[in-house]
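*Asks:* Got a predicted structure here, sequence first:
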Amino acid sequence: MFAIIVMLIVGLIAGAIARLLMPGRDPLGILGTIVLGVAGSFVGGFLQNLVQFHSLSIHSFHTVGLIGSIIGAWVLLLLLRLFKMEPGRRRA
């Protein structure tokens, strides 16, 4: 139970910092920021595996530290903006 609480707190911190580093407004609330940070942690782990071991192995999927989580969340936020998949927006 404690690990889940820590993961949510780290997700909130990583998501908030990633949103601060990306200029512009984001229509994400607290829950969206937490999900962004937690998902960013997994993306950061994937990117770390790609850089460190030069492989795209999905079987060694793991979380990374706070810096990797922030980088992963920033990448996810960038992808959300590029594909305009932000909540509340419709394609024109």
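*Replies:* It's in.

*Asks:* how about stretch 68-88: buried residues?
*Replies:* For stretch 68-88, a neighbour-count test (16 or more other Cβ atoms under 10 Å) marks 68-77, 80 as buried. All C-beta spots, glycine's among them, are computed from the backbone N, C-alpha and C.

*Asks:* The lowest-mean-pLDDT helix or strand in the chain packs against which elements?
*Replies:* Ranked by mean pLDDT, DSSP states H and E, the helix or strand of the chain with the weakest confidence is helix 30-53, at a mean of 81. When contacts are defined as 3 or more Cβ pairs under 8 Å, 6 or more residues apart in numbering; DSSP states H and E, helix 30-53 sits against helix 2-21, helix 66-82.

*Asks:* The first one versus helix 66-82: what angle between them?
*Replies:* Meaning helix 2-21. 60 degrees (axes from the mean of the first three to the mean of the last three Cα atoms, to 10 degrees).

*Asks:* so where's this protein shaky on pLDDT?
*Replies:* Along the chain, segments meeting pLDDT under 70 span 54-64, 85-92.

*Asks:* sorry, back to before: want to try JSON lines for the helices and strands packed on helix 30-53, with distance to residue 47 as columns?
*Replies:* Shown next, in JSON lines, are these (distance: least, Cβ to Cβ, whole Å):
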{"stretch": "helix 2-21", "distance to residue 47": "14"}
{"stretch": "helix 66-82", "distance to residue 47": "6"}
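
*Asks:* This completes my enquiry, with thanks.
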